[in-house]
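> got a structure for you, letters missing:
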């Protein structure tokens, strides 16, 4: 009684032994019980229900019924035939057979592209080999070579009919975009353009040159006698290195752009004098169907012998036209080149891409034919040794 009297007004003391509060609700036991019921239910269904489709809907359609004017059923209905279409579970199919035959265009992925087919850069895909360095030229499966595929038409000594043939190669292109564009636009198509492998937009520049009718060459940097005081640049092929290392450098340069008919040395008096070092390079050119032009600056080169041994189309320049890069000295060298062509029936000149050199060459080329000289692409004066 004392307890009841001492309790606060409006509050009634609950009976001893039971008080309902969140602390008294066994939540963990309830959750465990619910999970156990779910597990038992799923297990029971698996054990008691024979459903190999796992609940996937299956529909059987009898197309033999002739109800509703079923023309398919009218055609297939016989006493012994029943056609059942079943939408069953997805089953992996093995032994897939292509429905595209080798006689369908593009149906045989291993077949070479038809002759004359080129990619977006104007290159023949079958003349490209993908390497870790990028795409580089190769001989096609049918034996066609880049030298043949990318050559521009022009008379050769065999069919010159008395014409005096001159080929001029402009070197050092691709390094300066404006200078390269000027050479492409101002020089006639028979003038050959040689690109160094270092420019930023080489693929576009080389493509523009070929579109304008020029044959193109790749300049490959080779070790000079005073290397590294004279440094041809990155990826220079060096004497005394393992052939594999030099070929890796060669492939890096070869992947800079495409569409060239061959290579021309940039410097390289020491390298081209070493048959041990130069031999693997020339062997690679022969296997890939590329030509080689020697710039004519070294008398110690073994390029002619290596080219003959590896069946490589070969040429050697007669004169450098701008050792003194000024208009009149260049014109004097061009007259000397004409004298060579008059004497031998053909001549090859090398000139740099300096603005004065390009301008003077363009001026001379406009009147060369009137003086009895025919400009030809470099491939016209390159040949395999017999």
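All right, it came through fine. This one's a predicted model, so the numbers in the text were calculated from it and none came from an experiment. Residues are numbered from 1 along each chain as shown.
> ok, now how distant is the residue sitting nearest the centre point of the chain from residue 149?
Geometric centre of the chain, nearest residue: residue 135, 3.6 Å, by CA atoms, centre = their mean. As for residue 135, its distance to residue 149 is 15 Å (criterion: CB to CB, to the nearest Å). Any C-beta I mention is one placed from the backbone N, CA and C, and that applies to glycine too.
> longest strand anywhere in this structure?
Among the segments of the chain that qualify as a strand by DSSP state E, the longest is strand 164-173.
> quick one, helices of the stretch 251-386 of the chain?
269-272, 275-288, 303-309, 327-344, 355-368 (DSSP state H, counting those that start in this stretch).
> out of those helices, which gets nearest to residue 163?
helix 327-344 (9.4 Å; CB to CB).
> show me what that closest one is packed against.
strand 164-173, strand 319-320, strand 346-352, helix 355-368 (3 or more CB pairs under 8 Å, 6 or more residues apart in numbering; DSSP states H and E).
> remind me what the last one packs against, helices and strands.
Using 3+ CB pairs under 8 Å, 6+ apart as the contact definition, the elements that helix 355-368 packs against are strand 164-173, helix 177-186, helix 327-344, strand 346-352, strand 373-375.
> including mean pLDDT and distance to residue 275, could these go into CSV?
Formatted as CSV, the helices and strands packed on helix 355-368 follow (pLDDT from 0 to 100; distance: least, CB to CB, whole Å):
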stretch, mean pLDDT, distance to residue 275
strand 164-173, 98, 25
helix 177-186, 96, 34
helix 327-344, 98, 27
strand 346-352, 98, 23
strand 373-375, 97, 34
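> could I get those as JSON lines with distance to residue 210 and mean neighbour count?
JSON lines is the format used below for the helices and strands packed on helix 355-368 (distance: least, CB to CB, whole Å; neighbours: other CB atoms under 10 Å):
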{"stretch": "strand 164-173", "distance to residue 210": "12", "mean neighbour count": "24"}
{"stretch": "helix 177-186", "distance to residue 210": "10", "mean neighbour count": "17"}
{"stretch": "helix 327-344", "distance to residue 210": "25", "mean neighbour count": "16"}
{"stretch": "strand 346-352", "distance to residue 210": "20", "mean neighbour count": "23"}
{"stretch": "strand 373-375", "distance to residue 210": "17", "mean neighbour count": "20"}
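> nearest to residue 263, out of the ones you listed?
strand 164-173 (11.8 Å).
> tell me the strands beside the closest one, with direction?
strand 192-195 (parallel), strand 346-352 (parallel), strand 373-375 (parallel) (DSSP bridges).
> that's all I had, so thanks and see you.
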